[in-house]
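J.: Any chance you could fold what I've pasted below:
(2 chains)
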Amino acid sequence: GAGVSQSPSNKVTEKGKDVELRCDPISGHTALYWYRQSLGQGLEFLIYFQGNSAPDKSGLPSDRFSAERTGGSVSTLTIQRTQQEDSAVYLCASSLRGGGVREPQYFGPGTRLLVL
Amino acid sequence: GENVEQHPSTLSVQEGDSAVIKCTYSDSASNYFPWYKQELGKRPQLIIDIRSNVGEKKDQRIAVTLNKTAKHFSLHITETQPEDSAVYFCAASISGGYQKVTFGIGTKLQVIP
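T.: Residues are numbered from 1 along each chain as shown, chains lettered A, B, ... in the order given. Sure, this is the predicted structure:
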């Protein structure tokens, strides 16, 4: 079946502009994560959505970052007034939550963001 | 919250040798421990996982062991091959729970032909 998809695959923007990154999780997956990965670095957790519960926003680095998940499916990560240090690969992942169910995360291909 | 520590951060082995990556976790409630492999320029992909009701799991050349008492788990790769070169991430979570998955910092494995 279809995996996690993200768009755009690459985004080049100018400092100070706003950007929106989109994630389409696997159908039926109730959990959705956003991570940021700078070149050669690990996975920096940003935000986590689980069903209809309030999202865990504890990883968002500043108030310029926000995310929504509409209808429990598609998610959009918005970065306002982008800075050069926002340049990274933004990865989305989804998983099927439920007691006793194998719950690996399935990652999307990522969006490579470059802020000039 | 959960804290996962992973070491070493880099590991070089000769082709054919074994590689071991170790992780510790802090939350005794964690009961699901996946490992992900990320090849250069690609997305992380699950390679093996283990639940807290078992102590060891094998899949061909890779195995994972779990010590609940000590709160640590390890990835073992035997007969390493150049295509095993990648960054490996461990993670811990509570199956079915609301808490997010917590990742280790990653181990860059280089297999030298």
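
J.: Any residues of chain A in contact with chain B? List them.
T.: The interface of chain A toward chain B, taken as C-beta under 8 Å from any C-beta of the partner chain, is made up of A:33, A:41-43, A:45, A:48, A:50, A:53, A:56, A:91, A:93, A:95, A:97-110. Every residue, glycine included, has its C-beta placed from N, CA and C.

J.: Keep only those of these that are in helices.
T.: In helices, judged by DSSP state H, none of the residues of chain A next to chain B are found.

J.: Weed out the non-buried ones from the residues you listed.
T.: Neighbour-count burial (16 or more other C-beta atoms under 10 Å in any protein chain shown) is assigned, among those, to A:33, A:42-43, A:45, A:48, A:50, A:56, A:91, A:93, A:95, A:97, A:103-110.

J.: near chain A, which residues of chain B show up?
T.: Applying C-beta under 8 Å from any C-beta, one finds that chain B approaches chain A through B:32, B:34, B:36, B:43-46, B:49, B:89, B:91, B:93, B:95-96, B:98, B:100-106.

J.: From those residues, list just the buried residues.
T.: The neighbour-count test (16+ other C-beta under 10 Å) marks B:32, B:34, B:36, B:43-44, B:46, B:49, B:89, B:91, B:93, B:95, B:100-106 as buried among the residues of chain B next to chain A.

J.: on contacts alone, who are the packing partners of the worst-scoring helix or strand of chain B on mean pLDDT?
T.: When each helix and strand of chain B is scored by mean pLDDT, DSSP states H and E, strand B:102-103 comes last, with a mean of 90. With contacts defined as 3 or more C-beta pairs under 8 Å, 6 or more residues apart in numbering or on different chains; DSSP states H and E, strand B:102-103 has these neighbours: strand B:86-92.

J.: which stretches of chain B form helices?
T.: Counting by DSSP H, no segments of chain B form helices.

J.: Could you list the low-pLDDT ranges of it?
T.: Scanning chain B for pLDDT under 70 picks out B:95-98.

J.: Same check on chain A?
T.: A:1, A:98-102.

J.: Show me where it has its strands.
T.: For chain A, the strands defined by DSSP state E occupy A:5-7, A:10-13, A:19-24, A:31-37, A:44-50, A:65-69, A:75-79, A:88-95, A:106-107, A:111-115.

J.: could you redo those strands as a markdown table and give each row distance to B:K68?
T.: Below are these laid out as a markdown table (distance: least, C-beta to C-beta, whole Å):
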| stretch | distance to B:K68 |
| --- | --- |
| strand A:5-7 | 36 |
| strand A:10-13 | 43 |
| strand A:19-24 | 34 |
| strand A:31-37 | 24 |
| strand A:44-50 | 24 |
| strand A:65-69 | 34 |
| strand A:75-79 | 34 |
| strand A:88-95 | 22 |
| strand A:106-107 | 27 |
| strand A:111-115 | 38 |
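
J.: Alright, calling it a day.
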